[in-house]
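Asks: From the sequence below, what's the structure:
(one chain, ligands or ions: 3)
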Amino acid sequence: MKCIKCRGKAQIKLPRHNARFCADHFREFFYGQVEKAIKKEKMFSFNDKILVAVSGGKDSLVLWEVLQRLGYHADGLYIDLGISDYSLRSKKLCEDFAYKRSLNLHLLSLPDMLGMGIKGISRKTRRPPCSSCGLIKRYLFNRFSLEFSYQVLATGHNLDDEAATLLGNTMHWQTGYLSRQSPVMPSNHLSMVKKVKPLYRLTEKEAASFAFLNEIDYILEECPMATGASSLIYKNALNYLEQNSPGTKQQFYWGYLKKGKEYFSHAENGIDLISCAKCHQPTVVETCAFCQLLEKIGLEKITLSSNSSTI
Ligand code: SF4
Ligand code: ZN
Ligand code: ZN
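Replies: Ligands and ions are numbered 1, 2, ... in the order given. I've put the predicted structure just below:
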């Protein structure tokens, strides 16, 4: 098997592009796809301060690696969710990653800020763990970005994630979500940071290959709370289609962005964001969902301070 660029020994095969690459040309391909995503979708410039939401998983660490290699100003934020050993291990991987590359990693801890981890919060609020977790992460990443002067929040969502979300939204005809699904979520409130997904042109397998070739250590196990997530079922279905017809995922998602999304634009209207009476973050009701969650666990408000581990 030969690299299609240099005819040297190929290490990576990409059926969806009908291509094979040696390690160097695969890296070149990977950087090229991220740069294309950033430019095509006008995600950010070299003048912007970018915050990368890191979890210890491969996608977010790969994204951070690529952004700093391309010369962008990108810092990381890890949120310790207090999920026993899983959180300890994933935090350590993020710290080691940042230390080895002299990058700036901010740390927030739910047990420190809220007095408990996701399990305890879920019990007190009677919400499923992933629902509390999603709400808390969205809130903290957004508020932290603003309070610490980041212009953009970048997440490691890849093509598999986006295609699975699109399949789920289509299966249930979630027209509001369909109208908003995009690699770029612009800020539409004074207290809302712009959010971007620079890996949307690359698959999970490609991110794993990049991590392997660049010796990026990441947490291999799934979060113990992730049981029976429907997104995994959609991913498996898409993997089956992809195996039989390479390129299906990109045709589905990129095709949607190019040709399908506009048909759902009418579903976007009507949601006026206001500022939360307590914390001033965007909300559609007087007190935002995060402040309501705080009330349920007996807290009034929280202050964010970065426990940075750097250089
Ligand atoms: Fe949070 Fe659920 Fe993801 Fe675990 S699986 S990190 S609890 S959203
Ligand atoms: Zn080559
Ligand atoms: Zn609030």
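Asks: residues contacting Leu51?
Replies: Applying CB atoms under 8 Å, 6 or more residues apart in numbering, we find Leu51 in contact with 74-77, 106, 141, 144-145, 148, 150, 152-154, 193. No exception for glycine: its C-beta is placed from N, CA and C like everyone else's.
Asks: Among those, which are located in helices?
Replies: Phe141, Phe144, Ser145 (DSSP state H).
Asks: rewinding a little: out of the contacts of Leu51, which end up buried?
Replies: When the contacts of Leu51 are checked for burial by 16 or more other CB atoms under 10 Å, the buried set is 74-77, 106, 141, 144-145, 148, 150, 152-154, 193.
Asks: thinking again about what came up before, same list (the ones in helices among the contacts of Leu51) but as a markdown table, adding distance to ligand 2 and pLDDT.
Replies: Formatted as a markdown table, the ones in helices among the contacts of Leu51 follow (distance: CB to the ion, whole Å; pLDDT from 0 to 100):
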| residue | distance to ligand 2 | pLDDT |
| --- | --- | --- |
| Phe141 | 37 | 98 |
| Phe144 | 40 | 97 |
| Ser145 | 38 | 97 |
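Asks: before we move on, back to that, quick one: which of the buried ones among the contacts of Leu51 is nearest to ligand 1?
Replies: Of all the buried ones among the contacts of Leu51, ligand 1 sits closest to Phe141, with 12.7 Å by CB to the nearest ligand atom.
Asks: pretty sure the closest one contacts Ala53?
Replies: Yes - at 5.2 Å, Phe141 counts as touching Ala53 under the criterion of CB atoms under 8 Å.
Asks: which residues do these two both contact?
Replies: In contact with both Phe141 and Ala53: Leu77, Leu153, using CB under 8 Å, 6+ apart.
Asks: for the buried ones among the contacts of Leu51, which one is nearest Ile302?
Replies: The shortest approach to Ile302 among those belongs to Phe144, at 11.2 Å (CB to CB).
Asks: distance of that closest one from Asp75?
Replies: Here Phe144 is placed at a distance of 10 Å from Asp75 (CB to CB, to the nearest Å).
Asks: between the two, what contacts are shared?
Replies: Joint contacts of Phe144 and Asp75 (CB under 8 Å, 6+ apart) are Leu51, His106, Tyr150.
Asks: Those in strands, which ones?
Replies: Leu51, His106 (DSSP state E).
Asks: what helix or strand is Lys13 on?
Replies: According to DSSP states H and E, Lys13 maps onto strand 12-14.
Asks: and whichever helix or strand comes after that strand, anywhere near ligand 2?
Replies: Where DSSP H and E defines the elements, the next helix or strand beyond strand 12-14 is strand 19-21. No - Strand 19-21 does not reach ligand 2 (CB under 5 Å from the ion); its nearest approach is 5.8 Å.
Asks: Would you give the sheet partners of strand 19-21, along with the direction of each?
Replies: strand 12-14 (antiparallel) (DSSP bridges).
Asks: what's next to the partner strand, contact-wise?
Replies: Strand 12-14 is touched from outside by Met1, Ala19, Arg20, Phe21, Ala23, Phe26, Phe29, Glu206, Ser209, with contacts defined as CB under 8 Å, 6+ apart.
Asks: try 6 Å
Replies: Arg20, Phe21, Phe26, Ser209 (CB atoms under 6 Å, 6 or more residues apart in numbering).
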